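Asks: okay, sequence plus prediction incoming.
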Amino acid sequence: MSEKKLKIIGRHEKACLPEIGLQGIVVKTDTGAYTSSLHCKRAVPKDNRLICEFLNPHDDEDSVKKVTFAAFKKRKVKSSNGQMEERYSVQTKIKLGHEIYPIEVTLTDRHEMKYPMLLGRKFLNKKFVVDVSQKNSLTKN
């Protein structure tokens, strides 16, 4: 049985979320976080769908992308301040380097955070080894 070679990912990477229409997002790899999280300005359930508003980092600050998800869940997540909170969670795709991967992200307001997206252990596991000395290693290769 051959083992799949793990890719090296840096502490920061540039990513695209093609199904959401977000390009050039700077993501932070966070081995301390179990789930991946994405900045969402607003998420409102309506008629068994989740209507979300995202800000594209390359558009002007008032430019909002509205995306509707037919499938979503609620997850209990321990936030960075140690408090349990309930968040919406959606499945989407992320492009890192030349590869596209499925990813589950929890949606939260990260406007006060430096990075609009975190990649947690659940996503990184069995795909990547984190090299904290590198940045954008997937886009360089």
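Replies: Nice, thanks for sending it over.
Asks: all contacts plus neighbour counts: C-alpha atoms, from now on.
Replies: OK.
Asks: neighbouring contacts of the lowest-mean-pLDDT helix or strand in the chain?
Replies: Of all the helices and strands that make up the chain, helix 137-140 has the lowest average by mean pLDDT, DSSP states H and E, namely a mean of 80. The set of residues that contact helix 137-140 without belonging to it, under C-alpha atoms under 8 Å, 6 or more residues apart in numbering, is 8-10, 13-14, 96-98.
Asks: closest to residue 48 among these?
Replies: Taking C-alpha to C-alpha as the measure, residue 48 sits nearest to residue 96 out of the contacts of helix 137-140, at 30.6 Å.
Asks: I figured the closest one hits residue 18, correct?
Replies: No: Residue 96 sits out of contact with residue 18 when judged by C-alpha atoms under 8 Å, with a separation of 11.0 Å.
Asks: who's more crowded, the two?
Replies: residue 96 (20 against 13; other C-alpha atoms under 10 Å).
Asks: partner strands of the helix or strand residue 107 falls within, with direction?
Replies: Here residue 107, judged by DSSP states H and E, is contained in strand 99-108. When sheet partners are counted by DSSP bridges, strand 99-108 sits next to strand 36-39 (parallel), strand 84-96 (antiparallel).
Asks: to residue 118, which of these lies closest?
Replies: strand 36-39 (5.2 Å).
Asks: ok, and what's touching the closest one?
Replies: Residues lying outside strand 36-39 but in contact with it, judged by C-alpha under 8 Å, 6+ apart, are 54, 104-111, 116-123.
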